[in-house]
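*Asks:* sequence and computational prediction follow.
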Amino acid sequence: MAQGLAGLIKESERVYIMGHNYGDMDSFASAIGMYRCCLNLDVPAYMVLNKPNDAIQGLYDLFKDKRLYRFVTGADVTGARSHSKDLLIIVDTHRPNFTEAPEIISLFERVVVIDHHRRGAEIVEDTALLYQEPYASSASEMVTEIIQYITNEVTLEPLEASALLSGIILDTKNFVFNTGVRTFDAASFLRRKGADTRLVRELFKEDLIESVIKSNIVSSATILEGGMAISQSVEASDNIKTIISQGADELIDIRGIHTSFVLGEDGQGKIYISARSTGKVNVQVILEKLGGGGHRETAGAQLEDIGLEEAKELLLEKINETLEG
Ligand SMILES: [Mn+2]
């Protein structure tokens with residue numbers, strides 16, 4: 001795979017690399033990793049990034065002022081030259097509409113996709129190379145392997161290695177999920193190349209405010225009979241969906257709790273519910289009764305024109321109804 005990819009890169013005038021929209025550390029880092037492959041092959045490359053969001057800002061800040069790394073926007077790519085001799089590499093997604101700049105895909109005659117997600121209905125058509133590995137933990141893991149085989153001389157800067165390690169850590173939630181032998185092999189290679197585990201830890205630090213809200217969710221939880229927990233965020237936030245889903249995650253990590261429900265309100269007065277279960281209770285069935293949906297172990301719902309306390313009462317009613325049924 002690496003040899004095929006090396007051939008495609010070498011016969012290109014320029015290479016453009018893009019991840020998915022609302023990029024995360026895995027898509028950003030795997031783009032950095034492929035950028036490094038192009039540098040090692042002496043082919044000029046550009047990373048396509050419109051506007052870094054909060055999830056990658058910290059990581060992006062480490063690279064943005066270094067002249068070695070070249071970032072362009074989707075508009076820069078559309079407006080520039082003919083891309084008939086260029087190559088587009090898409091990382092961490094295979095769905096055209098999920099990419100950072102879907103409009104540029106058709107400008108390229110040759111497109112490569114490197115992704116670890118299970119294949120969905122929508123996929124980039126006519127790829128010159130499709131490398132899809134659902135057993136890989138992350139795009140960063142796949143790219144870390146590619147870096148080792150694409151050139152005989154392997155150059156990888158410590159900062160790039162740190163970025164790739166943070167991508168792996170994000171997608172495996174600290175080497176817990178989808179973690180195989182090859183994940184540790186990749187991590188070990190990155191550490192040898194100078195990946196800085198303290199720097200990675202810094203990148204995962206969250207804002208104080210959000211962390212306080214989350215602690216409140218956990219500390220104010222009520223335990224219902226038989227290992228179910230229910231809680232709410234007293235603070236409204238525009239980021240409430242993320243906060244309550246992480247709060248619900250933390251609650252089922254507590255021994256004795258197998259199901260958790262967390263409510264919260266966004267800045268516009270809309271109520272969100274996030275539910276998690278270890279599988280004992282089907283939370284999808286409960287939240288469907290409130291117009292929500294999801295899966296057996298992860299579900300959510302949104303309610304309008306209702307207060308937080310009222311919504312909580314309603315939820316408790318549906319929980320009881322379901323369990324009695
Ligand atoms: Mn990923």
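*Replies:* Happy to help now that I have it.

*Asks:* give the buried residues for stretch 228-242.
*Replies:* Buried residues in stretch 228-242, defined by neighbour count with 16 or more other CB atoms under 10 Å: M228, A229, I230, S231, Q232, S233, A236, S237, I240, K241, T242. Every C-beta, even on glycine, is put in place using the N, C-alpha and C of the backbone.

*Asks:* which ones among those are found in helices?
*Replies:* Among those, the members found in helices (DSSP state H) are I240, K241, T242.

*Asks:* which residues touch the closest residue to the ion within the chain?
*Replies:* For the chain and the ion, the shortest gap (CB to the ion) falls at D26, measuring 3.5 Å. By CB atoms under 8 Å, 6 or more residues apart in numbering, D26 lies in contact with G19, D92, S138, A139, S140, G167, I168, L170, D171.

*Asks:* which two in the residues you listed are spaced the farthest apart?
*Replies:* Checked with CB to CB, these reach their widest spread between G19 and I168, with 14.8 Å between them.

*Asks:* go back to the contacts of D26 and keep what's next to the ion.
*Replies:* Filtering those for proximity to the ion (criterion: CB under 5 Å from the ion) leaves D92, S138, A139, D171.

*Asks:* most neighbours among these, which one?
*Replies:* With neighbours defined as other CB atoms under 10 Å, the most crowded of the ones next to the ion among the contacts of D26 is A139; it has 33 neighbours.

*Asks:* leaving out chain neighbours, which residue sits closest to G4?
*Replies:* Nearest residue to G4 in three dimensions, chain neighbours excluded: L129, at 5.7 Å (CB to CB, 6 or more residues apart in numbering).

*Asks:* cool, A195 as well?
*Replies:* Closest residue to A195 apart from its sequence neighbours, by CB to CB, 6+ apart: A161 at 3.9 Å.

*Asks:* the helix or strand containing that neighbour packs against which elements?
*Replies:* Secondary structure from DSSP states H and E places A161 in helix 158-172. Packed against helix 158-172, as judged by 3 or more CB pairs under 8 Å, 6 or more residues apart in numbering; DSSP states H and E, are the following elements: helix 25-40, helix 54-64, helix 139-150, helix 181-192, helix 197-203.

*Asks:* mean pLDDT added to the ones you listed, as JSON lines?
*Replies:* Rendered in JSON lines, the data for the helices and strands packed on helix 158-172 read as follows (pLDDT from 0 to 100):
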{"stretch": "helix 25-40", "mean pLDDT": "98"}
{"stretch": "helix 54-64", "mean pLDDT": "94"}
{"stretch": "helix 139-150", "mean pLDDT": "98"}
{"stretch": "helix 181-192", "mean pLDDT": "98"}
{"stretch": "helix 197-203", "mean pLDDT": "95"}
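
*Asks:* closest one to I286 among those?
*Replies:* Evaluated with CB to CB, those place helix 54-64 nearest to I286, the distance being 29.4 Å.

*Asks:* now do that closest one: distance to the chain's middle.
*Replies:* Offset of helix 54-64 from its chain centre (CA atoms, centre = their mean, to the nearest Å): 14 Å.

*Asks:* now do the helix or strand containing I209, average pLDDT.
*Replies:* Using DSSP H and E, the secondary-structure element containing I209 is helix 208-219. The average pLDDT for helix 208-219 rounds to 87.

*Asks:* would you put the C-alpha positions of it in CSV?
*Replies:* What follows is the C-alpha trace of helix 208-219 in CSV, where atoms were taken according to Å, rounded to 0.1, in the frame of the first residue of the first chain:
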residue,chain,number,x,y,z
LEU,A,208,-11.9,25.1,33.4
ILE,A,209,-15.5,26.1,33.0
GLU,A,210,-16.5,23.0,31.2
SER,A,211,-14.7,20.8,33.6
VAL,A,212,-16.5,22.5,36.6
ILE,A,213,-19.9,21.9,34.9
LYS,A,214,-19.0,18.3,34.3
SER,A,215,-17.9,17.8,37.9
ASN,A,216,-21.2,19.2,39.0
ILE,A,217,-23.1,16.8,36.8
VAL,A,218,-21.3,13.9,38.5
SER,A,219,-21.6,15.2,42.0
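
*Asks:* immediately after that helix, which helix or strand?
*Replies:* Assigned by DSSP H and E, the successor of helix 208-219 is strand 222-224.

*Asks:* helices or strands next to that next one in the packing?
*Replies:* Contact analysis of strand 222-224 by 3+ CB pairs under 8 Å, 6+ apart lists strand 228-232 as its packing neighbours.

*Asks:* now do the strand it packs on: which elements does it pack against?
*Replies:* Using 3+ CB pairs under 8 Å, 6+ apart, strand 228-232 sits against helix 208-219, strand 222-224, helix 240-252, strand 259-265, helix 308-324.
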